[in-house]
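1. Next one to model:
(chains A, B and C)
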Amino acid sequence: MDALVAVYGVRPWNWHTRQPPFHVLVGTILSQRTRDEKTDLAARAVLERFPDPASLAAASLETVEALVRPANFYRTKARRLREAAAILCRRYGGRVPESLEELTALPGVGRKTANCVLVYGFGKAALPVDVHVHRIANRLGLVRTRTPEETERELWEIVPDRHRLLVNELLVKHGQTLCGPRNPRCVECPVNALCSAGSGGLKDEGRAQEARRGRNGRDSL
DNA sequence: AAAACGGGGGC
DNA sequence: GCCCCAGTTTT
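-> Residues are numbered from 1 along each chain as shown, chains lettered A, B, ... in the order given. Prediction:
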């Protein structure tokens, strides 16, 4: 497992479809706006102590907060995790529901997290489109969309179904490494020539400055 | 459509 | 010091 982490960056909470849905749910909530390393620490800590919804729901908030500490938004996430676990016990007999609607009704679970559970937990066909996928797909000119949900639909149309998840993850990796929100490293980019957003980094200066002007602490295209 | 949540690591 | 982080919820 650690070798897989080292080589591919895969994590125990999402590394393939046999991972228990509850683990994926916990790990993915913890991963929101949080780097993989810190997500990993928090997810291992929580799941080792509370491997099922019943034990997590019964835990004290202080205990969960302490375990979730390495992740960002740890107070909010600890509260949501415990509430979600309680709902799983109360309404679903301690199981994780398998529909997008039921999942997004859980606290802390939006469209992206729900799709992660469907894909990595249940092996269903779904596309967890995050900010990276949304940004990169637009920069490359694969889609022209306003929201990640639109990007999700558009990618379904232009990528063959057997390749969608792979393409999705590759776009994430590209966004995490070379093609960040503010300063894309176009000179080093292997798909520079195919990109409609900037060639040779020229158009990037303009867009980077534009993004900087947009100033409210949030990410933008 | 913004703002709040929320804090450490990188440069 | 500013940028970045596999988002979601509330104003």
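2. Find the residue at the geometric middle of chain A.
-> Central residue of chain A (Cα atoms, centre = their mean): A:D130, 5.7 Å from the mean position.
3. quick one: contacts for that one?
-> Applying Cβ atoms under 8 Å, 6 or more residues apart in numbering to A:D130 gives the contacts A:112, A:148, A:172. All C-beta spots, glycine's among them, are computed from the backbone N, C-alpha and C.
4. do the same with A:G141
-> Taking Cβ under 8 Å, 6+ apart, we find A:G141 in contact with A:195-197.
5. For those, which PyMOL command selects only the ones that are buried?
-> To isolate the buried members of the contacts of A:G141 in PyMOL, using 16 or more other Cβ atoms under 10 Å:
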select buried, chain A and resi 195+197
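6. which of the contacts of A:G141 are close to DNA strand C?
-> Filtering the contacts of A:G141 for proximity to DNA strand C by Cβ under 7 Å from any atom of the strand leaves nothing.
7. Looking at the contacts of A:G141, which are in helices?
-> Judged by DSSP state H, helices contain none of the contacts of A:G141.
8. Among the contacts of A:G141, which one sits closest to DNA strand B?
-> DNA strand B lies nearest to A:A197 out of those, by Cβ to the nearest atom of the strand, at 20.5 Å.
9. now what about the helix or strand A:L170 falls within, what contacts it?
-> Remark: A:L170 resides in helix A:164-177, with elements defined by DSSP states H and E. The contact list for helix A:164-177 (Cβ under 8 Å, 6+ apart) reads A:9, A:119, A:125, A:127-133, A:135-137, A:155-156, A:159.
10. Report the mean per-residue pLDDT for it.
-> With pLDDT averaged residue by residue, helix A:164-177 scores 89.
11. Is it positioned near DNA strand C?
-> Yes. Against DNA strand C, helix A:164-177 shows contacts by Cβ under 7 Å from any atom of the strand at A:168-169, A:172, A:175-176.
12. pLDDT below threshold where in chain A?
-> Counting by pLDDT under 70, the ranges of chain A that qualify are A:1-18, A:198-221.
13. How about the residues of it by DNA strand C?
-> Counting by Cβ under 7 Å from any atom of the strand, chain A sits next to DNA strand C at A:14, A:31-36, A:39, A:72-73, A:76, A:104, A:106-114, A:116, A:128, A:130-133, A:168-169, A:172, A:175-176, A:180-183, A:212, A:218-219.
14. which of the residues in stretch A:160-177 are buried?
-> For stretch A:160-177, by 16+ other Cβ under 10 Å, it's A:164-165, A:167-169, A:171-172, A:174-175.
15. would a markdown table of the contacts of A:D130 with distance to A:A57 be doable?
-> What follows is these, written out as a markdown table (distance: Cβ to Cβ, whole Å):
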| residue | distance to A:A57 |
| --- | --- |
| A:K112 | 24 |
| A:P148 | 30 |
| A:V172 | 31 |
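16. In chain A, which helix is the longest?
-> Chain A, longest helix under DSSP H: helix A:74-92.
17. tell me what that one is packed against?
-> Other elements packing on helix A:74-92 under the criterion 3 or more Cβ pairs under 8 Å, 6 or more residues apart in numbering; DSSP states H and E are helix A:21-31, helix A:53-58, helix A:61-68.
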